[in-house]
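Engineer: the following comprises the amino acid sequence and a computationally predicted model.
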Amino acid sequence: MKTKEKKQKEEKETARALCKDPQCPNHGNLKSRGRMFEGIVIKKFPRRILIEFERMVYARKYERYYKSKTKIHARLPSCMEKEINLGDLIKVQECRPLSKIIHFVVIEKVKGTKKTIGEKAK
């Protein structure tokens, strides 16, 4: 068990040592500040991901709360590309505008999905 954990830590360290991405919050010049969100990855692109999370919004007219889904595009650093997959719970933080739609950057992976070969997607 401990050898697997050590191997995983070593792989992460080598991946981060090889990171030459200038827009990486850990190794580059990108400063992350402001709001933080946790969401589930619903789409993955070469250098960005799309996350979705639910929030409660108050409707003043009806004096009730309703659920609303929010989608956010976030920059995916090259050192985290292999770690993060569809369905993972990740943490993103606000940064300066990187493009027209990207204003957030991936900070860390909170929880991954454990799918086996025979398991069906729900």
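Structural biologist: On my side now, so go ahead. Residues are numbered from 1 along each chain as shown.
Engineer: what's near enough to touch the residue positioned nearest the centre of the chain?
Structural biologist: Centroid-nearest residue in the chain, with CA atoms, centre = their mean: residue 90, separated by 3.9 Å. Contact analysis of residue 90 by CB atoms under 8 Å, 6 or more residues apart in numbering lists 38-41, 49, 51, 84, 106-110. C-beta here means a position set from N, CA and C on the backbone, and glycine is covered the same way.
Engineer: what's the answer for residue 38, then?
Structural biologist: Contacts here follow CB under 8 Å, 6+ apart; on that basis residue 38 touches 53, 89-92, 110.
Engineer: by neighbour count, which of those residues wins?
Structural biologist: The residue in those with the most neighbours, by other CB atoms under 10 Å, is residue 92 (25 neighbours).
Engineer: that one reaches residue 104, doesn't it?
Structural biologist: Yes - if you go by CB atoms under 8 Å, residue 92 and residue 104 touch, sitting 4.4 Å apart.
Engineer: find residues that contact each of these two.
Structural biologist: By CB under 8 Å, 6+ apart, the residues touching both residue 92 and residue 104 are 37, 72, 74.
Engineer: what helix or strand is the last one on?
Structural biologist: Residue 74 is located in strand 64-75, with elements delineated by DSSP states H and E.
Engineer: could you give the mean pLDDT of stretch 29-39?
Structural biologist: Stretch 29-39 comes out with an average pLDDT of 89.
Engineer: how about low-confidence regions in this structure?
Structural biologist: 1-2, 8-9, 11-18, 114-122 (pLDDT under 70).
Engineer: buried ones in stretch 91-105?
Structural biologist: Neighbour-count burial for stretch 91-105 flags 92-95, 98, 102-105 (criterion: 16 or more other CB atoms under 10 Å).
Engineer: likewise stretch 30-42?
Structural biologist: 30, 32, 37, 39-41.
Engineer: any idea what residue 69 is bridged to?
Structural biologist: Beta bridges link residue 69 to residue 54 when assigned by DSSP bridges.
Engineer: does residue 89 touch residue 39 like I think?
Structural biologist: Yes - using CB under 8 Å, residue 89 is in contact with residue 39, at 7.3 Å.
Engineer: thanks again, I'm all set now.
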